[in-house]
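# Fold the following and give me the result.
(chains A and B)
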Protein chains: 2
Amino acid sequence: MNLIVVGSVGLDDVETPFGKVERALGGSAIYFSMASAFFHRPGFVGVVGTDFPAEGIRLLERHGVDLQGLEKAPGETFRWGGRYGFDLNERDTLFTHLNVFEHFRPSLPADYVNARWVFLGNIDPELQLQVLEQVSSARFVAMDTMNFWIEGKPDALRKVLGRVDALLLNDGEARQLAGVANIVTAARKITEMGPRLVVIKRGEYGALLYRDESFFYAPAFPIENVVDPTGAGDAFAGGFMGYLAQADDLSWEAVCQAVVAGSTLASFCVESFSVHRMTSLEVSAISQRAQEFRRLTHFRGLEAVRSLPG
Amino acid sequence: MNLIVVGSVGLDDVETPFGKVERALGGSAIYFSMASAFFHRPGFVGVVGTDFPAEGIRLLERHGVDLQGLEKAPGETFRWGGRYGFDLNERDTLFTHLNVFEHFRPSLPADYVNARWVFLGNIDPELQLQVLEQVSSARFVAMDTMNFWIEGKPDALRKVLGRVDALLLNDGEARQLAGVANIVTAARKITEMGPRLVVIKRGEYGALLYRDESFFYAPAFPIENVVDPTGAGDAFAGGFMGYLAQADDLSWEAVCQAVVAGSTLASFCVESFSVHRMTSLEVSAISQRAQEFRRLTHFRGLEAVRSLPG
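Here you go, the predicted model:
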């Protein structure tokens, strides 16, 4: 496999003002792989329990996700429950049951160890390190993380950061990791910790890319029917990495396009609960929305400003 | 005058984590006119007290602002004090003294009544109506408002909204006015109240333009040295209206460019306290930043996505 992801696989209970679902497919590796598959076939590293539904497996396979790295362990699948309020920007975690995920030690199939494009989903940085040690020939390794690891495992996290090419994380986490309020300063300080490329995900406000003193900004696509924001960040990462793996290109142009690919997939992800929208997504709809992204952000150069008097 | 603004003129005390100023030039008409003057000479409608510093007048005149509509009344100038916290997104108002502004009744000089481009700054909607009645030949009237008027003078506000071409307001105010959380839905609902064009200002996240079912998004320019966000929204409006008045064009292309012009001026405004950065701003710096805005947001079209198996 050329592109692999390691992350969580869960059965989620999610409630938003627009409805709720129970035991729905979730977890970073699920959202990532469903999104990335639109651009490049992903290999999947994760663990499920014996209760994981067979339809879930079939859905991933039908979607073009390679499951050689999916381990089945005795016990129950990782479970998460969350509830969103009126404006969908804030959520309460109702429960987290690690279950089989608690003793998960990622071990890559022989077919995965030569992967050139690797995404380390938001899991314990010590597990991220274990994966890193198995993919020595990777061309580009990107990772995600969260406040829980920034606070709880700062040393292990720093070690991973020192060995990856890119970090994708949200706004508040970027500020927390860098210890500064200004998001531009935060991006720069994070690159000093290791990753040359940083993407700061800002939810409904879009995503900011920083590499080598250059910035690129993709707004979130303006949609009215936001149903469930869960997984949007992982769908973004999937679109981003899938696009890069397909293009086999790390030029500035390509990484900007990859940010748009990520934003596009994230914008579809939030239109339904769980991965539902992505399962029914036509390739033509992705191309069309990516074009609408251009209209949303492109403008003609400004005419010259006037000279001030005096 | 072809372009006029009516709004507040104040002497502000502002404190941010980066310092503080006392009795500094402020108010919506000041920020607007300083910004718009880079594109088109603005006429200024407002009131000051006898304590207003002569250097303030000279600064505006030197900057190319027409002051025929500036009234001097007995008493003290409008005063506002505010303090910003660490992340600069939240501020506490420490005091507001209306002073001469309390009895202000805008009366336009003969030279202003044929203005074609009119901006109604964030003042009492009843005063905004009084101005509207004096500018019957305007081609394009834009306005700002705030939560205070949305809650306190909803009827007068609705009357103004029914008679203007554009509303510029911030994120939270748009949600409050429309009574919905989704910002896209909010924009659409606001156009149903009258203004065909809506710009939702999102502070450090940029600005969203909506007209005739089309969207345009300009991110905030990524800058590290944000010193004082006061007046950024009015500087945005000044750049926006000044650009349109100069271009004498309301095509979609022109309004998108105007949003970039507004974002550019706002990005300079926040780099210092009060209007300081705008007083020393070179025209070439504006052109350069507008070009950097292109690099920040433009990307090449995405390659085709792959077809899914199965």
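# end-to-end on stretch A:22-38?
Counting by CA to CA, to the nearest Å, you get 26 Å between the two ends of stretch A:22-38.
# ok, now stretch A:220-227?
Using CA to CA, first and last residues of stretch A:220-227 are 15 Å apart.
# which other residues reach it?
By CB atoms under 8 Å, 6 or more residues apart in numbering or on different chains, the surrounding residues in contact with stretch A:220-227 are A:16, A:18-19, A:88, A:202-207, A:263-264, A:266-267, A:270-273, A:289, A:292-293, A:296, B:182-185, B:188, B:208, B:215, B:217. For glycine as for every other residue, the C-beta is placed from the backbone atoms N, C-alpha and C.
# could you pull out the strands for chain A?
Applying DSSP state E to chain A gives strands spanning A:3-6, A:10-16, A:19-26, A:42-48, A:70-72, A:78-84, A:91-97, A:117-120, A:140-144, A:166-170, A:197-201, A:207-211, A:214-218.
# bridging residues for the closest residue to A:Thr230 other than its chain neighbours?
Closest residue to A:Thr230 apart from its sequence neighbours, by CB to CB, 6 or more residues apart in numbering or on different chains: A:Val14 at 5.5 Å. With DSSP bridges as the criterion, A:Val14 is bridged to A:Val21, A:Gly82.
# So what's the residue count around A:Val14?
The number of residues packed near A:Val14 is 24, by other CB atoms under 10 Å in any protein chain shown.
# Show me which positions of the longest helix seen in chain A end up buried.
When chain A is parsed with DSSP state H, its longest helix is helix A:252-269. Neighbour counts over helix A:252-269 (16 or more other CB atoms under 10 Å in any protein chain shown) mark A:254-269 as buried.
# re earlier: turn the strands of chain A into CSV, including distance to B:Val47 and mean pLDDT.
Shown next, in CSV, are these (distance: least, CB to CB, whole Å; pLDDT from 0 to 100):
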stretch, distance to B:Val47, mean pLDDT
strand A:3-6, 62, 98
strand A:10-16, 49, 97
strand A:19-26, 53, 97
strand A:42-48, 64, 98
strand A:70-72, 71, 98
strand A:78-84, 47, 97
strand A:91-97, 48, 95
strand A:117-120, 60, 98
strand A:140-144, 54, 98
strand A:166-170, 46, 97
strand A:197-201, 44, 98
strand A:207-211, 41, 98
strand A:214-218, 40, 97
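# Go through those and name the closest to B:Gly242.
Ranking the strands of chain A by proximity to B:Gly242 (CB to CB) places strand A:214-218 first, at 23.8 Å.
# quick one: that closest one to helix A:252-269, angle?
Put simply, strand A:214-218 runs at 30 degrees to helix A:252-269, going by axes from the mean of the first three to the mean of the last three CA atoms, to 10 degrees.
# List the buried residues for strand A:214-218?
Applying a neighbour-count criterion of 16+ other CB under 10 Å, one finds A:Phe215, A:Phe216, A:Tyr217, A:Ala218 buried in strand A:214-218.
# Now do A:Val180: how many residues are near it, please.
A:Val180 has 18 neighbours, counted by other CB under 10 Å.
# Need the nearest residue in space to it, chain neighbours excluded.
Nearest residue to A:Val180, sequence neighbours excluded (CB to CB, 6+ apart): A:Ala186, at 5.3 Å.
# quick revisit: among the buried residues of strand A:214-218, which one lies nearest to chain B?
Within the buried residues of strand A:214-218, proximity to chain B (CB to the nearest CB) peaks at A:Tyr217, which comes in at 3.9 Å.
# contacting residues around the closest one?
Counting by CB under 8 Å, 6+ apart, A:Tyr217 has contacts A:Gly206, A:Ala207, A:Leu208, A:Leu209, B:Gly206, B:Pro219, B:Pro222, B:Leu296, B:Thr297.
# and the residues you listed as TSV, adding distance to B:Ile30 and neighbour count?
Output for the contacts of A:Tyr217, formatted as TSV (distance: CB to CB, whole Å; neighbours: other CB atoms under 10 Å in any protein chain shown):
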residue	distance to B:Ile30	neighbour count
A:Gly206	31	22
A:Ala207	35	26
A:Leu208	31	26
A:Leu209	36	25
B:Gly206	23	22
B:Pro219	26	25
B:Pro222	26	19
B:Leu296	28	22
B:Thr297	29	24
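# Can you tell me which of the residues you listed is nearest B:Phe101?
B:Gly206 (30.8 Å).
# Please enumerate the helices of the stretch 51-200 of chain A.
Along the stretch 51-200 of chain A, counting by DSSP state H, counting those that start in this stretch, helices occupy A:54-62, A:125-132, A:147-152, A:154-161, A:171-178, A:183-191.
# got these as TSV, with distance to B:Val113 columns?
Compiled in TSV, those are given as follows (distance: least, CB to CB, whole Å):
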stretch	distance to B:Val113
helix A:54-62	67
helix A:125-132	67
helix A:147-152	57
helix A:154-161	63
helix A:171-178	47
helix A:183-191	45
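# can you tell which of these is closest to B:Ser284?
With CB to CB as the yardstick, what comes closest out of the helices of the stretch 51-200 of chain A is helix A:183-191 (22.6 Å).
# gap between that closest one and the chain center?
19 Å (CA atoms, centre = their mean, to the nearest Å).
# With stretch A:137-154 instead?
On CA atoms, centre = their mean, the centre of stretch A:137-154 falls 12 Å from that of its chain.
# how about it: buried residues?
Counting neighbours by 16+ other CB under 10 Å, one finds that the buried residues in stretch A:137-154 are A:Ala138, A:Phe140, A:Val141, A:Ala142, A:Met143, A:Asp144, A:Thr145, A:Met146, A:Trp149, A:Ile150, A:Lys153.
# Give me the neighbour count for the closest residue to A:Met241 other than its chain neighbours.
Leaving aside its sequence neighbours, A:Met241 sits nearest to A:Phe119 (CB to CB, 6+ apart; 5.0 Å). Using other CB under 10 Å, A:Phe119 has 33 other residues around it.
# Could you pull up the residues touching the spatially closest residue to A:Thr16 that is not a sequence neighbour?
The shortest distance from A:Thr16 to any non-neighbouring residue, by CB to CB, 6+ apart, is to A:Tyr84 (4.4 Å). Neighbour list for A:Tyr84: A:Val14, A:Glu15, A:Thr16, A:Pro17, A:Glu90, A:Arg91, A:Asp228, A:Pro229 [criterion: CB under 8 Å, 6+ apart].
# for the third one, what are its contacts?
It refers to A:Thr16. A:Arg83, A:Tyr84, A:Leu88, A:Val227, A:Asp228, A:Pro229, A:Phe273.
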